[in-house]
Structure formats: C-alpha cells, structure tokens
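In: Got a predicted model here, sequence first, then my questions.
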Amino acid sequence: MKKIIKPIISIENISWEKILEFKNNNNFIVREISLKDLEKMYYKKIDGNYSGTELAILGVNLFNELQNNYGITSPAKFFLGKNKEKETSLFTVVDRIEPTKITKENKEIISQIFCHLHETLSRYYLDKLRNEKFFLTDINGATQYVYGNKLFRNKKENKIYLVDTDMYLDNRPKSLLTVVYWLARHAAEDEEKSQIIQNIKIFINEYQCKFKQMGIKDEKRLKQLKFFLEGKKFGDKIYPAIPTFKEK
C-alpha cells in the first residue's frame, strides 16, 4: 500500500525568465530535472509508486530535515517551473561556495569539522534505520562538501556546506547498510571517531536484529564494517556508494 505523504513545505514556483537570470549569474549553479524524468528514475526502484511531484516534495523535505534536525546546511533553494521544453521541472539553485584555503593553522580545525560531520551522518542513518522513513543516500563523501563561504556575500562566514544536491533518496531500510558502509570508508581516517564507531556499532546490532537473512555482498559489507570498528583497514574491494536499484 502506498504511504500517504504529508509535505512539511511547499515548493515555490519560478518562471523560466527568472531561471535564466540565475543561469547567467556566476554566483549560482542551476540544476534541473523534469518531474517526468524524476518519476521514471524511481519507478519500481523504491517501495511504493510516487509521482514526480511527490518525489520532489520528499527530496526537498529531506534536505530541510538535514538542516533543521542535524545542522547540515546546503546552499540550495528548490523551485518548480517550466523548462525550455515546457516540461514541469524541479530546479535547484545553488550558491557558489568559495573554499577556505587549508593552512597549517586551520588544518586541525577543519579536520575536526569533517569528523563532526561524519558523526552527525552516523546518527542520521541510525535514526533512519529506526524510523523506516525516506532518507538521502549520496551525502556521505567529503568531496560532496565544501568548507568556505558564499561567494557573493559581503560577510565572510566560514562553514561546511553540502554542495552536491542531486536528489538521491531511498525508503528501503536494507539499503542503509550500503550507505553506512561507505560512510565508514570516508570516516576511516578521522582521528577523533569514538562516537562514529559507537553509532555504527549500534547500527550493525540493530540492523542484524532487523534483517536475519542477508546476501553475500551484505555479509561482506558487515565484515568490513567490523574491521572499521576494530581499527583495521578495509579490504581492497570497494562496493557501490549508492544502493544499486533493482526492479522488485
């Protein structure tokens, strides 16, 4: 049965002329996907069938939840409008971020900031395992974040931003193992990771209680996650960062 979606926000409408203004402004990056393509992207690849509009609302809600509940900021605003082919599309307008230059003086601080980010993400995915709701999958790599400030702002306020705003979402709890596996790979070099290890340890225990039967790849991911918990290195085999979608 399809779950009822209760949107916590509405997405503002925007004209094509305004989108062109953003496209012609070097302070912004504009991404777009038609609602038709968004619907096709997830057809039979998540639990339930959702329209493009519903998926757009779900995705925007998740980015807002990430900021409001977990303090992970994305410099993006989302709009619905017609593209140049007159198709209704989701537009993402992202502020360009000027990276802060890493120096001997700030290297340790920036390292701590990314360690705290990984800790927050480990808590995010543990929460998602417990509440079995939609979650963002592709947000756990350091290259998806920039530490710096918005390019066009007069006030320089260095902070970490999630700049990769592609809308990869899932609602299958079993997909979380792949995401947490990849998060652990990114967090493996963190010097201060006691809370990350604790969160992933709890995640593994609860995941194994929830899913008694697992495939070979899941077993291998669990094995390598246990290496991480023991301070050992991952094996050479790298599994996909994003859950591989297969038709049910």
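Out: Thanks, I have it.

In: can you pull out the helices in this protein?
Out: Secondary structure of the chain by DSSP state H: the helices cover 16-23, 35-42, 52-70, 107-131, 176-187, 194-210, 216-229.

In: count of residues packed around residue 209?
Out: Residue 209 has 8 neighbours, counted by other CB atoms under 10 Å. For every residue, glycine as well, the C-beta is placed using N, CA and C.

In: count of residues packed around residue 131?
Out: When neighbours are counted by other CB under 10 Å, residue 131 registers 10.

In: Which secondary structure element of this protein has the lowest mean pLDDT?
Out: Ranked by mean pLDDT, DSSP states H and E, the weakest helix or strand in the chain is helix 216-229, scoring a mean of 86.

In: tell me what that helix is packed against?
Out: helix 176-187, helix 194-210 (3 or more CB pairs under 8 Å, 6 or more residues apart in numbering; DSSP states H and E).

In: what's the most buried one of the helices of the chain?
Out: Mean neighbour count (mean count of other CB atoms under 10 Å) peaks for helix 176-187 among those, with a mean of 22.

In: now the helices and strands packed on helix 216-229 in a markdown table, with mean pLDDT and distance to residue 159?
Out: Compiled in a markdown table, these are given as follows (pLDDT from 0 to 100; distance: least, CB to CB, whole Å):
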| stretch | mean pLDDT | distance to residue 159 |
| --- | --- | --- |
| helix 176-187 | 91 | 19 |
| helix 194-210 | 93 | 20 |
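
In: Serialize the ones you listed to CSV and add fields for distance to residue 218.
Out: What follows is those, written out as CSV (distance: least, CB to CB, whole Å):
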stretch, distance to residue 218
helix 176-187, 6
helix 194-210, 9
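
In: picking up where we left off before, can I get the helices of the chain in JSON lines including distance to residue 90?
Out: Listed next are the helices of the chain as JSON lines, based on distance: least, CB to CB, whole Å:
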{"stretch": "helix 16-23", "distance to residue 90": "11"}
{"stretch": "helix 35-42", "distance to residue 90": "7"}
{"stretch": "helix 52-70", "distance to residue 90": "5"}
{"stretch": "helix 107-131", "distance to residue 90": "22"}
{"stretch": "helix 176-187", "distance to residue 90": "22"}
{"stretch": "helix 194-210", "distance to residue 90": "31"}
{"stretch": "helix 216-229", "distance to residue 90": "32"}
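
In: between those, which one is nearest to residue 84?
Out: Set against residue 84 and scored by CB to CB, those come closest in helix 16-23, at 6.8 Å.

In: What lies in contact with the closest one?
Out: Helix 16-23 is contacted from outside by 28, 30, 32, 79, 81, 82, 83, 84, 91, 93, using CB atoms under 8 Å, 6 or more residues apart in numbering.

In: With stretch 125-136 instead?
Out: Here stretch 125-136 makes contact (CB under 8 Å, 6+ apart) with 58-59, 62-63, 66, 124, 168-171, 173, 176, 179-180, 183, 199, 202-203, 206-207, 210.
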